[in-house]
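>>> only geometry, no sequence info:
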């Protein structure tokens, strides 16, 4: 088994050399300054498909890459573009959508997405065209969020993290509950669980990365009769952009090539705090991988040594299984396609070759 694995990995070396040109091109872009911008806004759009086709050539002209989802409810966007073109992007959305958009901006020295995905689809799974943004929880500003947490002594609120389980492991608000959520499809079951275990008059505070998941989940709890439902306005990203982040611990998982950033989004920030441990050896790390076993795909933390040792799998069982890394080489050695998995992932591929 191991002999076959070695031979197949060795055969990938030529293909890796071809794609090193892509990697060098990607790294060359790091000399530029890029803005990583997140926003969502609810606003009735009568012809979302038409808006998609209107925006597409304009966004490409100013080198925007990332994800933009548009439907009749509004827009949800996570994009990256050269910082010098940010004003052009804002003018574009002001002209064709709304002048009143709350942009949340991080900065990067490289392009964190590899292409533009602009489409007419749900803003998030579970939020269809019938979603009513008027029936969501109360929005708390970052300062109001801090004050509420700090003032709670006896009757502490229930603090819910409305993200995937691995995001919580990387960073979270103190006293927040770790969830087992993997997809938005589990929201209804989780809401039912809370309904059956939490008193309806208890204060509930929830948060997510950018805020939009809480819009959906807070509405689900209010539908179930909860009276005091609150959500962090603008999510963790907005919270991290203001100076007082004392209720946060750890780093922030983001769904782009940075993967893990300090809560304020600054690469060398003093707020950088690693609390995650390698799944295999227990060493503190911030690098994460999708398990390379095609039947697993679990997201897990691993150090560079263990990532190579277990061929990017989350366990020894996954690394020796017939569905392991070998069967995915044709795609994984494509360094251009691997943008989004992190630089550490590409370095691991290089070592495996």
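Thanks, I have it. Remember, predicted model here, so these are calculated numbers, not experimental data.

>>> who's in contact with residue 341?
257, 259, 289-290 (CB atoms under 8 Å, 6 or more residues apart in numbering). (Glycine included, C-beta is placed from N, CA and C.)

>>> any idea which element it lies in?
Residue 341 is part of no helix or strand when elements are defined by DSSP states H and E.

>>> pLDDT wise, what is it at?
Residue 341 carries a pLDDT value of 77.

>>> ok, now the one 5 residues further on?
Per-residue confidence for residue 346 comes out at a pLDDT of 80.

>>> name the SS class of it, please.
Under DSSP: H, G, I helix; E, B strand; the rest coil, residue 346 falls in the helix class.

>>> in ChimeraX, select just the buried ones from the contacts of residue 341.
To isolate the buried ones among the contacts of residue 341 in ChimeraX, judged by 16 or more other CB atoms under 10 Å, type:
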select :257,259,289
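
>>> now, which of the contacts of residue 341 sits nearest residue 180?
Nearest to residue 180 among those: residue 290, at 17.9 Å, using CB to CB.

>>> now do the contacts for the residue lying closest to residue 239 once chain neighbours are set aside.
For residue 239, ignoring the flanking residues on the chain, the nearest one in space by CB to CB, 6 or more residues apart in numbering is residue 142 at 4.6 Å. Counting by CB under 8 Å, 6+ apart, residue 142 makes contact with 232-234, 238-239, 242, 244.

>>> roughly how far apart are residue 142 and residue 153?
For residue 142, the distance to residue 153 equals 21 Å [CB to CB, to the nearest Å].

>>> so where do the strands sit in the stretch 151-300 of the chain?
Under the criterion DSSP state E, counting those that start in this stretch, strands of the stretch 151-300 of the chain are mapped to 158-161, 171-173, 204-207, 229-232, 248-250, 252-253, 260-261, 288-290, 299-301.

>>> strands paired with the second one, and their directions?
Sheet pairing here is set by DSSP bridges, and for strand 171-173 it gives strand 248-250 (antiparallel).

>>> and the strand it pairs with, how far from the chain's centre?
16 Å (CA atoms, centre = their mean, to the nearest Å).

>>> can you check stretch 95-106 too?
With CA atoms, centre = their mean, you get 20 Å for stretch 95-106.

>>> just the terminal-to-terminal distance for that stretch.
Using CA to CA, to the nearest Å, the end-to-end distance of stretch 95-106 comes to 23 Å.

>>> likewise stretch 248-255?
Per CA to CA, stretch 248-255 runs 19 Å from first to last residue.

>>> I'd like to know the average pLDDT value across it.
Stretch 248-255 comes out at a mean pLDDT of 96.

>>> do stretch 268-278 as well
For stretch 268-278, mean pLDDT is 94.

>>> pull out the buried positions in it.
Neighbour-count burial for stretch 268-278 [16+ other CB under 10 Å]: 271-272, 276, 278.

>>> which one of those is nearest residue 179?
For the buried residues of stretch 268-278, the nearest to residue 179 is residue 276 (16.4 Å; CB to CB).

>>> skipping adjacent residues, who's closest to residue 172 in space?
Nearest non-adjacent residue to residue 172 (CB to CB, 6+ apart): residue 161, at 5.7 Å.

>>> is it true that the one you found touches residue 213?
No. Residue 161 sits out of contact with residue 213 when judged by CB atoms under 8 Å, with a separation of 10.0 Å.

>>> who has more neighbours out of these two?
Between residue 161 and residue 213, counted using other CB atoms under 10 Å, the more crowded position is residue 213 (25 against 21).

>>> measure the spatially closest residue to that one that is not a sequence neighbour to residue 283 for me?
The shortest distance from residue 213 to any non-neighbouring residue, by CB to CB, 6+ apart, is to residue 162 (4.7 Å). According to CB to CB, residue 162 and residue 283 sit 29 Å apart.

>>> more neighbours: these two, which one.
residue 162 (27 against 13).

>>> report pLDDT for that one.
94.

>>> how about it, phi and psi?
Residue 162 has phi and psi values of phi -100, psi 60 when expressed as degrees, to the nearest 10.

>>> these two touch, right, it and residue 212?
No. Residue 162 lies out of contact with residue 212 (CB under 8 Å); the separation is 9.8 Å.
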